[in-house]
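# here is a sequence with its predicted model. Questions after.
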Amino acid sequence: MVQVQVALDFSLTERFFNTSPNGLPKPIFEMPASQWHNAEMARRALEHGVPVCRAISLELPASYAGLSLLNLMLIKLLFLAQDERMLDLSLDHLVYQIQEEHDYGLVGYRIREMRWTDVPESGREAFLTEAWRTYVTKEIRPAVERIAEQAGVKPDMIWNQFGSRVAGIREYLGKLVTDPVLLARYDDHMRILTDGLTPEDFGRRRNPFIWKPRYIDDPRQEGARMMLRSSCCMYDKREGGQKCYNCPKMTPEEREARKTAMVNSQGGH
């Protein structure tokens, strides 16, 4: 393990994942991220998220918090693809943050200590597989399970959202990144998560990273499509909330009614 000696570009992770050495600019709540493994502190963090995102229960804050853990894995993937370095995003090195932003909340992490491990050329795949397995089983999985426990939901509520979030980020990178080598490296590293890790590593029957995207028409733009979410994000569990247009729990009748409303208003969530 060696400490980073050069500046790394966190502009993308700040923009999409609210995570960087700087952290959120105006957090109203902070907690050492390692406290996700502590029942009392995990509940306190979720409760602080209730007024920020106008939630009517702990389900929406738990959804936000759970996806923040996925974001840590995506950040590690991005830097692996770019630099062949495994960032040490252990929860001990992070501070969980909540920031109020209009009528919704932002959650993310301030990286307290920047460290990495260079990926060795010899035994590369075995090294990466073991590194990911350790991160999932020792850091991410216990945190997901504690968050779900305190919110009174099954861990699948969080895990099942990973598929479409990961696929959406990959589609975005395909449009943003012009270097085919970098994209190939990203896909190669993603393969470790889908093929190298087992469902048992996540404590479930399926690997959450294995998911086939499905699409529906996007009523906001003629001829465009949008990805159907892999699971409900619990956005309807807030004051005046409703299911997203691409929520898999929405019935065809509900979606058609929402489509009409969105076309008429030229907007909508």
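Okay, I see it.

# helices or strands up against the helix or strand encompassing residue 15?
Using DSSP states H and E, residue 15 sits within helix 11-17. Under the contact criterion of 3 or more Cβ pairs under 8 Å, 6 or more residues apart in numbering; DSSP states H and E, helix 11-17 touches strand 19-20, helix 59-83. In short, each C-beta sits where N, CA and C put it, glycine included.

# which one, of those, ends up nearest to residue 189?
Among those, the nearest to residue 189 by Cβ to Cβ is helix 59-83 (4.7 Å).

# what does stretch 75-88 contact?
Residues outside stretch 75-88 that contact it (Cβ atoms under 8 Å, 6 or more residues apart in numbering) are 1, 8, 12-13, 17, 19, 89, 113-119, 128, 131, 135, 182-183, 185-186, 189-190, 193.

# sticking with residue 86, tell me its helix or strand.
strand 85-87.

# again, but for residue 169
Using DSSP H and E, residue 169 falls in helix 162-176.

# is it true that residue 225 touches residue 219?
No: under the contact definition of Cβ atoms under 8 Å, residue 225 does not touch residue 219, with a separation of 10.7 Å.

# check which element follows the strand holding residue 86 along the chain.
Downstream of strand 85-87, the next assigned helix or strand under DSSP H and E is strand 94-101.

# in that following strand, what counts as buried?
94-99 (16 or more other Cβ atoms under 10 Å).

# what residues are bridge-paired with residue 99?
residue 106 (DSSP bridges).

# identify the residues contacting it.
Contacts of residue 99 by Cβ under 8 Å, 6+ apart are 18, 24-28, 52, 105-108.

# from residue 67, how far out is residue 231?
11 Å (Cβ to Cβ, to the nearest Å).

# which of the two has more residues huddled nearby?
residue 231 (21 against 17; other Cβ atoms under 10 Å).

# could I get the phi/psi values of residue 118?
When quoted as degrees, to the nearest 10, the phi and psi of residue 118 stand at phi -70, psi 140.

# and for it, the neighbour number?
12.

# what's the distance between it and residue 166?
Taken as Cβ to Cβ, the span from residue 118 to residue 166 is 25 Å.

# repeat for residue 84
For residue 84 relative to residue 166 (Cβ to Cβ), the value is 20 Å.

# more crowded one of these two?
Legend: neighbour count by other Cβ under 10 Å for residue 84 and residue 166, higher for residue 166 (23 against 16).

# now do the same contact list for that one.
So residue 166 contacts 70, 74, 190, 209, 211 (Cβ under 8 Å, 6+ apart).

# tell me the one of those residues nearest residue 142?
residue 70 (14.7 Å).

# which regions of this structure sit below the pLDDT cut-off?
1-8, 266-269 (pLDDT under 70).

# which residues of it fall in helices?
Assignment of helices within the chain using DSSP state H yields the ranges 11-17, 39-52, 59-83, 124-135, 141-151, 156-159, 162-176, 180-191, 199-202, 252-265.

# dump those helices to CSV, plus distance to residue 243.
Shown next, in CSV, are these (distance: least, Cβ to Cβ, whole Å):
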stretch, distance to residue 243
helix 11-17, 23
helix 39-52, 20
helix 59-83, 12
helix 124-135, 32
helix 141-151, 18
helix 156-159, 14
helix 162-176, 14
helix 180-191, 29
helix 199-202, 26
helix 252-265, 7
